[in-house]
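In: could you look at this predicted model? Sequence included:
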Amino acid sequence: MFCIRRNASRPNQINGTRANNLTDNTVIMILSESFSDPTRVPGIALAEDPMPNIRALKETTTSGLMLSPGFGGGTANIEYQSLTGLDLALFDDSMQSMYQELVPHQKNPFAWNQIWNAEYGKSGSVAFHSYYKNMYLRDANYKKFGFNKFYTLDSEPAITHQDRTDNSPYVNDAASYQNIIDQLNKEEHPQFLQLVTMQNHMTYDNWYFNNQFEQANVTENLNDYERGQINTYAKGVSITDQATIDFLNQLNAMDKPITVIFYGDHLPSSYQTAAADKNNTLALHQTDYFIWSNKASSSQGNKASDAAYSSPNFFVAQAADHMNAKVSPYLAFLTEMHSKIAAMEPPVVNKIQGWDRIPEGQNIYLDQNGNPMSTDDFDKETKQLLADYKLIQYD
């Protein structure tokens, strides 16, 4: 392909300054269900920070805000982008669900875990989801991606740790993380581990005992239902915050190099007052993410370039930057694409959710400062990169 030949020199340029390989590390990709910072939502006022640990962590490592195409849903599409490096913005508007309309019809779909499979065989990658295996056809799709095992509530065997918190119907994050710890202890060699959590999934029905956010939520002009939903959600974020730091501390105690890619897939749909104001649309489509390495990794404390804003298709390219790891032609391309366009998402889902466009119907592209860009203003190189991206994705 012309675009591959045109981009052929990029890996050599990048790899000349990099000393490591991606597969030197275990990489754990965590999709944290509905995780985002409530204090960033316009109009929300909390007297207590629900995520002080992750907020502090983000200051010390590669981190930023992720542009999400979803609000209150769309998890599987966002997960697809993070696992493949492909973006919904480049699909036809009629394509609504990659896991249901695309992957089942592909013979050999690519996903990042295959890099570890190539190095370490079938035990190179394992997936976990703290719910049921057939949601979004994950069981069939993960098999196509090449994951050796996929552990869920109804897999054989099922995930070992299934603890809930108080009256929550969902497996809590501490239990989800413990399943990852167990897997890390099973294998000596590096792995790619995929985790999709469920603790903060809707609906947020007053699950938690002794919820301090019933007093700490000092937001004005909320009805009782919305206030209750936000209080429960904020408590869940607080529980995730502590469980995540406890998990990273356990990883720090291990003598094997580990890198974590952690991101929230979308905001919850609870913010109905904020969502009624179209000026809040961008804020309601930005979640939190970080890329972090443990002490046994040479990349702890690294901060990748161009990290303030991102979209999930760029995460593994950013992880390679964070890890000072050599890249393939595809990763080299995504690295350069991300330097030109910090984040990209399609208009199709957001039209349904009320995301107004200027001009109407255009994909949204953000620059490195988080400002929307128009394709009319792209320079020649950016336009060529975007055209190449479409060809790569088509093939």
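Out: Thanks, I have it. Numbering: from 1, shown residues only.
In: which parts of the stretch 151-300 of the chain are strands?
Out: 192-196, 258-264, 286-293 (DSSP state E, counting those that start in this stretch).
In: look up how far Gly16 lies from the residue lying closest to Leu65 once chain neighbours are set aside.
Out: Spatial nearest neighbour of Leu65, excluding adjacent residues (C-beta to C-beta, 6 or more residues apart in numbering): Gln286 at 4.5 Å. Bear in mind the C-beta positions are built from the backbone N, C-alpha and C, glycine included. Counting by C-beta to C-beta, to the nearest Å, the separation of Gln286 from Gly16 is 34 Å.
In: which of the two has more neighbours?
Out: The residue with more neighbours, out of Gln286 and Gly16, is Gln286; 23 against 8, by other C-beta atoms under 10 Å.
In: who's in contact with the more buried one?
Out: 36, 40, 65-68, 370 (C-beta atoms under 8 Å, 6 or more residues apart in numbering).
In: for Asp379, state which of those residues is nearest.
Out: Gly370 (19.1 Å; C-beta to C-beta).
In: from Ser82, how far off is the closest one?
Out: Separation of Gly370 from Ser82 (C-beta to C-beta): 19 Å.
In: tell me, what residue is most central in this protein?
Out: By C-alpha atoms, centre = their mean, the chain has its centre lying nearest to Tyr263, at 3.7 Å.
In: do you know the pLDDT at that residue?
Out: For Tyr263, the pLDDT comes out at 98.
In: could you find the closest non-adjacent residue to it?
Out: Nearest non-adjacent residue to Tyr263 (C-beta to C-beta, 6+ apart): Tyr289, at 3.7 Å.
In: how many neighbours does that neighbour have?
Out: Residue neighbour count, defined by other C-beta under 10 Å, stands at 29 for Tyr289.
In: and stretch 168-178, end to end?
Out: By C-alpha to C-alpha, to the nearest Å, the extent of stretch 168-178 from end to end equals 18 Å.
In: and that stretch, which residues are buried?
Out: Buried residues in stretch 168-178, counted by 16 or more other C-beta atoms under 10 Å: 168, 170-178.
In: tell me the one of those residues nearest Gly74?
Out: Nearest to Gly74 out of the buried residues of stretch 168-178 is Tyr170 (C-beta to C-beta; 18.2 Å).
In: ok, and for stretch 263-272, which residues are buried?
Out: By neighbour count with 16+ other C-beta under 10 Å, stretch 263-272 contains the buried residues 263-271.
In: neighbouring contacts of that stretch?
Out: With C-beta under 8 Å, 6+ apart as the test, stretch 263-272 has contacts from 30-36, 41, 44, 66, 68-75, 78-79, 82, 200, 202, 204, 226, 229-230, 233, 275, 284-285, 287-290, 312, 315.
In: chain center to the host helix or strand of Gln114, what's the gap?
Out: Per DSSP states H and E: Gln114 is located in helix 113-120. From the chain centre to the centre of helix 113-120 is a distance of 20 Å (C-alpha atoms, centre = their mean, to the nearest Å).
In: that helix: what's the following helix or strand?
Out: Assigned by DSSP H and E, the successor of helix 113-120 is strand 125-129.
In: cool, thanks, signing off.
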